[in-house]
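Colleague: have a look at this prediction, sequence included:
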Amino acid sequence: MASTPVIQVLSKNNYEDQYLVSLPNAYPLPPLGPSSIRIKSNILSLTTNNCSYARDGHLLGWWDVHPLPPSTPARYSDPTKFGRISAWGYAEVIESNVSGLQIGTQFYGYLPIGTLPLDMEVKLNNVPGQFLEVSKYREKQLPIYNRYFSYLPTSKELEDKESLGYDSLMLVLFQTGYMINRYVFAWEPSELVQPSGDLRDGWTVQHGALREKSIVLVFSASGKTALGLAYCLKHGRPAGEKPRMVIGVGSNKSKPFTEGTGLYDKVLTYDADSGDLGQHLGLKPDNKIAVIDFGSRDAAGDRWAVKLRKTYNDVVQLQVAGEFKTQTPEEATAGFLARMKKVEGYKALINACALRTQAMDKTGERKYYEDFMKVWDSVKKGGYINGMRLVWGEGMEDLGRGWEKLSKGEASPDEGLVFSLVENPTGKL
């Protein structure tokens with residue numbers, strides 16, 4: 001007999017308020033609908049992105065991806081007060097009426113946090129090994145959250161638990177860094193895309209050029225998405241199209257780890273602008289400066305950009321994410337609007353989903369994924385990110401403790417939090 005499923009439920013007003021809720025009335029499950037699979041999450045990762053899904057969920061629809069199930073106890077069933085967010089990882093098909101997605105199929109994607117099975121209405125994609133979630137309630141979600149990568153139960157790729165853990169932890173975050181490097185700072189003019197997907201961004205070939213006079217400043221440099229960009233800037237550009245220097249900017253706490261990755265030519269702290277920035281950065285009057293902010297503290301990226309524009313003419317600024325800190329929905333809305341505020345000089349917001357859609361339009365859907373997976377596979381074969389380590393937990397209790405650690409800012413930058421939810425491990429996840 002199946003054990004009682006447990007799900008994570010969060011307060012929508014403060015995502016630090018977490019509840020691991022047992023669902024004793026979840027079974028029996030209803031009959032599976034047409035064109036559907038029934039799945040269970042078996043590996044999930046937690047990063048600061050998960051906190052962003054909760055913080056900004058009311059703005060971007062993230063609370064709606066996996067609603068509270070009907071069997072939720074009354075105490076937690078009010079969707080105006082409580083909700084579920086999702087995590088990246090792997091799941092297993094436990095029931096199916098879809099040809100090509102047999103029982104035992106494993107797949108990667110955006111999954112519910114918990115051990116309760118989920119029914120998904122799906123259709124196979126024209127890219128081999130991929131399928132799309134097409135349920136009516138999911139149609140408002142950005143496409144990136146409705147695309148999944150499947151693996152047959154006999155696939156050798158499922159034998160390497162560490163590989164699956166790093167996929168869960170970093171694949172989608174690394175992909176954002178990859179896209180910024182290749183398509184925003186495009187060396188092929190035909191591949192240039194707009195940072196937010198809006199032609200009004202006005203991003204040009206000149207904006208995207210990174211050559212020997214270019215300096216790239218990466219803020220919140222220890223973050224996993226930022227590390228993806230730094231890796232691609234260092235290893236993923238042709239000769240003659242690399243910036244002169246990539247400088248990481250972050251906290252005092254994260255500096256040793258950031259330096260140890262070997263991905264940055266120099267690492268500074270947020271307060272380094274208290275002195276002569278030009279001297280700290282080794283700048284020359286004709287340098288181009290790209291400020292790329294993955295969530296700096298106290299808007300340090302904006303502060304540095306304002307100072308640099310006083311002396312240097314060619315400064316472009318890209319905002320990828322906001323600062324990681326606990327906020328009420330009202331505070332999160334104000335912060336989101338502040339990041340969109342116009343500034344003197346060039347600044348654009350990155351929309352990862354729009355980047356991917358544009359990139360697939362440029363290169364073709366199949367080629368886009370073939371090219372990206374070659375790069376990601378090379379990262380894994382090369383030993384991942386130097387200094388980063390997977391920290392595995394088992395079951396929902398460990399995941400709950402991981403969430404507490406992460407949401408309170410107690411996770412160290414070298415830790416990758418991943419959790420196995422497999423109840424009866426058999427060697428392959």
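Modeller: Done, it's in. Numbers count the residues shown, from 1 in each chain.

Colleague: tell me the domain ranges of the protein?
Modeller: Split into domains by automatic domain parsing, the chain comes to 6-171+359-420, 198-350.

Colleague: of all these, which lies closest to Ala186?
Modeller: domain 198-350 (5.2 Å; C-beta to C-beta). (C-beta placed from N, C-alpha, C; glycine too.)

Colleague: hang on, Ser412 in a strand?
Modeller: No: assigned with DSSP: H, G, I helix; E, B strand; the rest coil, Ser412 falls outside any strand and is coil.

Colleague: which residues touch it?
Modeller: Applying C-beta atoms under 8 Å, 6 or more residues apart in numbering to Ser412 gives the contacts 253, 257.

Colleague: go again using 10 Å as the cut-off
Modeller: Shown in contact with Ser412 (C-beta atoms under 10 Å, 6 or more residues apart in numbering): 222, 253-254, 257, 389, 391, 405.

Colleague: not counting sequence-adjacent ones, nearest residue to Arg211?
Modeller: Glu241 (6.4 Å; C-beta to C-beta, 6 or more residues apart in numbering).

Colleague: distance of the one you found from Ser190?
Modeller: Between Glu241 and Ser190 the computed distance is 14 Å (C-beta to C-beta, to the nearest Å).

Colleague: what's the answer for Glu162, then?
Modeller: From Glu162 over to Ser190 (counting by C-beta to C-beta), the distance is 37 Å.

Colleague: who has more neighbours out of these two?
Modeller: Glu162 (12 against 8; other C-beta atoms under 10 Å).

Colleague: in this structure the more buried one contacts Trp392, no?
Modeller: Yes: between Glu162 and Trp392 there is a contact under C-beta atoms under 10 Å: 9.5 Å.

Colleague: find residues that contact each of those two.
Modeller: In contact with both Glu162 and Trp392: Val418, using C-beta under 10 Å, 6+ apart.

Colleague: mind listing the helices for the stretch 101-250 of the chain?
Modeller: For the stretch 101-250 of the chain, the helices defined by DSSP state H, counting those that start in this stretch occupy 161-179, 205-208, 224-235.

Colleague: ok, now which ones touch Gln102?
Modeller: 37, 93, 96, 150, 152-153.

Colleague: again, only this time at 8 Å
Modeller: 93, 96, 152-153.

Colleague: before we move on, what about Phe372?
Modeller: Counted by C-beta under 8 Å, 6+ apart, Phe372 has contacts 175, 178.

Colleague: repeat that for Val65.
Modeller: Going by C-beta under 8 Å, 6+ apart, the list of residues near Val65 reads 85-86, 110, 138, 141, 145.

Colleague: could you redo the last one with a cut-off of 10 Å?
Modeller: Counting by C-beta under 10 Å, 6+ apart, Val65 has contacts 53, 57, 83-86, 110-112, 133, 137-138, 140-141, 145-146.

Colleague: could you measure from Phe257 over to Leu227?
Modeller: Separation of Phe257 from Leu227 (C-beta to C-beta): 10 Å.

Colleague: what's the answer for Trp63, then?
Modeller: Look at Trp63 and Leu227: by C-beta to C-beta, they are 28 Å apart.

Colleague: how about Gly250?
Modeller: As judged by C-beta to C-beta, Gly250 and Leu227 stand 11 Å apart.

Colleague: repeat that for Leu417.
Modeller: 15 Å.

Colleague: re earlier: turn the domains of the chain into JSON lines, columns for mean pLDDT.
Modeller: Shown next, in JSON lines, are these (pLDDT from 0 to 100):
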{"stretch": "domain 6-171+359-420", "mean pLDDT": "94"}
{"stretch": "domain 198-350", "mean pLDDT": "92"}
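
Colleague: so which of those domains comes closest to Ile180?
Modeller: Nearest to Ile180, of the domains of the chain and by C-beta to C-beta, is domain 198-350 at 5.3 Å.

Colleague: distance from the chain centre to the closest one, please.
Modeller: 18 Å (C-alpha atoms, centre = their mean, to the nearest Å).

Colleague: how long is it from one end to the other?
Modeller: This stretch, domain 198-350, spans 10 Å end to end (C-alpha to C-alpha, to the nearest Å).

Colleague: stretch 68-88 now?
Modeller: End residues of stretch 68-88 are separated by 18 Å (C-alpha to C-alpha).

Colleague: tell me which residues of it come out buried.
Modeller: For stretch 68-88, a neighbour-count test (16 or more other C-beta atoms under 10 Å) marks 68-69, 71-72, 76, 82-88 as buried.
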